[in-house]
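Q: Sequence and predicted structure are below.
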Amino acid sequence: MADASSHFPATRWTLLQALREGTEADVKVALEALCKAYWTPLYIVARQSGLNVHDAEDSVQGFFESVLQNEALLKADQSLGKLRSFLLVAYERYRIKVWRSKTALKRGAGVEPLSFSSGDGAEERYLQVASEGADIETLYNREWARSLLERSLAALRLEYVSQGQEERFGLFIVYLTQTVNDETLAQAAVKNGMSYAAFRQSVFRMRRHYRARIEDELALTLGTRDADVIRQEMLDLFKAF
């Protein structure tokens, strides 16, 4: 987390510690990190609850900014369970008690307003999932899972690019999540001038690295590297779909 990283390890729960105890720079970085992970899932909840585009944006933004003034939220830690579940409950309370009643809030607490909007893809995502017929909690968890997988994929790409293997990433990404048989891999190997064994090994290596990046993201979210906990969360992650 920029200069704050030595003081506040970048797990999702410890971001609340940064909001509570950090400098103004710490607070800004931590708030933006929380928004990046949870803005779109909460926006979908807001829209599915009946708010229009403008009101949904204002509601989610108001919630994140109000976190700075809510001591109970800032003091929360992982003993309360999963952060995504905690934030969903907290947002629903905010939306019902504060947003619907149009209660005046002192916005920002010295931090510049966050510039997230439907232009960042939240509304487009909502339109894609609105017709799925799922309940609000399912949509929220599904969008959270999708967002986590996107961050994991971005980290995987960065890993390849940093090693000068961007072209290799582009070649094998096609086979990252789809089920492919030996014949398909053999044909792809010939097409790309590789042996079947080398091509197959490269595909499965990328899959292992992708899984590792997902586990990294889950560890950040959970605040633990416990293998059993991460394994269970991985199962929950894919149940969302």
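A: Right, received. Where do you want to start?
Q: least trustworthy helix or strand in the protein by mean pLDDT?
A: Ranking every helix and strand in the chain by mean pLDDT, DSSP states H and E puts helix 71-74 at the bottom, with a mean of 66.
Q: Show me what secondary structure element comes after it.
A: helix 83-94 (DSSP states H and E).
Q: quick one: average confidence on that next one?
A: Averaged across helix 83-94, pLDDT comes to 87.
Q: Show me where the chain dips below the pLDDT cut-off.
A: The chain contains residues with pLDDT under 70 at 1-12, 71-81, 99-120, 223.
Q: Tell me, how many residues neighbour Q128?
A: 13 (other Cβ atoms under 10 Å). No exception for glycine: its C-beta is placed from N, CA and C like everyone else's.
Q: likewise E150?
A: Neighbours of E150 using other Cβ under 10 Å come to 12.
Q: Distance of R211 relative to T184?
A: Separation of R211 from T184 (Cβ to Cβ, to the nearest Å) stands at 21 Å.
Q: ok, now H54?
A: From H54 to T184 the distance is 47 Å (Cβ to Cβ).
Q: N52 now?
A: 46 Å.
Q: so what secondary structure elements neighbour whatever helix or strand L139 lives in?
A: Taking DSSP H and E as the definition, L139 sits inside helix 136-162. If you count contacts as 3 or more Cβ pairs under 8 Å, 6 or more residues apart in numbering; DSSP states H and E, helix 136-162 packs onto helix 24-48, helix 83-94, helix 122-129, helix 166-172, helix 196-222, helix 227-239.
Q: Now tabulate those in CSV and tack on distance to V67.
A: As requested, these are exported to CSV (distance: least, Cβ to Cβ, whole Å):
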stretch, distance to V67
helix 24-48, 8
helix 83-94, 8
helix 122-129, 18
helix 166-172, 36
helix 196-222, 17
helix 227-239, 23
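Q: domain parsing for this protein?
A: Domain segmentation of the chain under automatic domain parsing yields 1-104+114-133, 141-241.
Q: Can you tell me which of those is packed in deepest?
A: Mean neighbour count (mean count of other Cβ atoms under 10 Å) peaks for domain 1-104+114-133 among the domains of the chain, with a mean of 17.
Q: circling back to that earlier point, how far does the helix holding L139 sit from its chain's centre?
A: 6 Å (Cα atoms, centre = their mean, to the nearest Å).
Q: angle of that helix against helix 227-239?
A: With axes from the mean of the first three to the mean of the last three Cα atoms, to 10 degrees as the basis, helix 136-162 and helix 227-239 are set at 110 degrees to each other.
Q: what's the distance between the closest residue to R84 other than its chain neighbours and D236?
A: Taking Cβ to Cβ, 6 or more residues apart in numbering, and ignoring the residues beside it in sequence, R84 has W144 as its nearest neighbour in space, at 5.1 Å. When distance is defined by Cβ to Cβ, W144 is 10 Å away from D236.
Q: now do Y126
A: Counting by Cβ to Cβ, the gap from Y126 to D236 is 23 Å.
Q: Check F64 too.
A: With Cβ to Cβ as the criterion, F64 and D236 are 24 Å apart.
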